[in-house]
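> sequence unknown, structure follows:
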């Protein structure tokens, strides 16, 4: 293996190295030779040298082991500064018996996680390094998990804001239309409102449509509020069934006119879904909305959006998984757009407010669950979006 290849391979492991700091060069050489058979060992001869090394390679260092008594700044000062700059690094102090009171004070102040006494016992030191390495890697995993959750939350809230804005804009439009049609009372009865209709029943239609969209927006917000509350509760076993998710979309999505009749489903191959209801509900609503929008401009004689539960493989050679298919009999997706849909923002409805983030968001949700999303389409033959899920167990 070439040196560059070794660096790349080790870097892929994340924090994994032991940094040993001692002002005696012979002690550093002895430590590296004795423990280098099990650990990746880096050494430094002073506090300043150690901090400079951490500035360059801190992402590789998992454990910082330093002697207490050193010229200039001592080991506790180094560990205290490392605690602030590199919180994932486990901190161990080597001290002589005479320095024990100072070392214990450092432990109590949280600068040091463990003390090793000189001369180092090989077996005890190896065990301490193993435990410190494991602790550091666990902290790094937790930090990465929190960072991923924060990124997912930011993306989800941004997409949720977009989804809520659309129905609220429609509500605002209907209310503005009714305000514009409001007429001053022609009689002395000021307790009766008069709104001019352009055709019979259109005011009631606007009221009903506005109510459906307001309820849909409220359902999205309520779902995420409940999720925020659930985040403070212990994790529970998954219990959301795919059929319940489809039924929730059927009950809560704000269909226009007779569009609810376009939606059909086959729920016989039911299964338990992994993940939280809020994200999956938003994913399925997004797919149904996209299908409805594809059908609206030139609906066929019998427009149809069909949601089917089943099992299948995302591609030949891959294992069979539970899947939700959302099919429509619309115009299909152009070939030049199809391959880019789930990887970058692509929309054919920019003029009507489309952002192209819908399928990108859906893909990120499925990927976070260990699943995948596949889009299939032929010109003039509609489109099928398939959500593949790993086992909820």
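Cool, got the structure. Just so it is clear, the structure is predicted and the values come from calculations on it, not from any experiment.
> Phi, psi for the closest residue to residue 195 other than its chain neighbours please.
Spatial nearest neighbour of residue 195, excluding adjacent residues (CB to CB, 6 or more residues apart in numbering): residue 181 at 4.9 Å. Backbone N, C-alpha and C define where each C-beta goes, glycine included. Main-chain dihedrals, residue 181, degrees, to the nearest 10: phi -90, psi 0.
> per-residue pLDDT, residue 181?
Residue 181 is assigned a predicted lDDT (pLDDT) of 86.
> Could you do residue 337 as well?
Note on residue 337: pLDDT of 73.
> Could you give the number of residues near it?
14 (other CB atoms under 10 Å).
> can you check residue 300 too?
12.
> ok, now which ones touch it?
Contact analysis of residue 300 by CB atoms under 8 Å, 6 or more residues apart in numbering lists 329, 330.
> cutoff 10 Å now
Contact partners of residue 300, counting by CB atoms under 10 Å, 6 or more residues apart in numbering, are 328, 329, 330, 331, 382.
> so of these, which ones are in helices?
The helices, defined by DSSP state H, take in nothing from the contacts of residue 300.
> Could you chop the protein up by domain?
Domains of the chain are assigned by automatic domain parsing as 3-120, 147-236, 238-393.
> Take those domains and write them to TSV, including distance to residue 141.
Listed next are these as TSV, based on distance: least, CB to CB, whole Å:
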stretch	distance to residue 141
domain 3-120	9
domain 147-236	10
domain 238-393	15
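> Select, out of those, the one closest to residue 140.
Nearest to residue 140 among those is domain 3-120; the distance by CB to CB comes to 4.7 Å.
> Now residue 214: closest residue in space, sequence neighbours ignored.
Closest residue to residue 214 apart from its sequence neighbours, by CB to CB, 6+ apart: residue 171 at 5.5 Å.
> so who does that neighbour touch?
206, 209, 210, 211, 212, 213, 214, 217, 254.
> Counting neighbours, which of these end up buried?
206, 209, 210, 212, 213, 217, 254 (16 or more other CB atoms under 10 Å).
> what comes up buried for stretch 137-149?
For stretch 137-149, the neighbour count (16+ other CB under 10 Å) marks 137, 139, 140 as buried.
> er, stretch 122-135 I mean
Result for stretch 122-135 [16+ other CB under 10 Å]: buried residues 125, 126, 128, 129, 132, 133, 135.
> Looking at the buried ones among the contacts of residue 171, spot the one nearest residue 360.
residue 217 (21.7 Å).
> can you map out the strands along the stretch 201-350 of the chain?
Per DSSP state E, counting those that start in this stretch, the stretch 201-350 of the chain carries strands over the ranges 263-266, 305-312, 321-328.
> would you list the ones you listed in JSON lines and tack on mean neighbour count, mean pLDDT and distance to residue 15?
Below are these laid out as JSON lines (neighbours: other CB atoms under 10 Å; pLDDT from 0 to 100; distance: least, CB to CB, whole Å):
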{"stretch": "strand 263-266", "mean neighbour count": "15", "mean pLDDT": "96", "distance to residue 15": "48"}
{"stretch": "strand 305-312", "mean neighbour count": "18", "mean pLDDT": "96", "distance to residue 15": "40"}
{"stretch": "strand 321-328", "mean neighbour count": "22", "mean pLDDT": "96", "distance to residue 15": "34"}
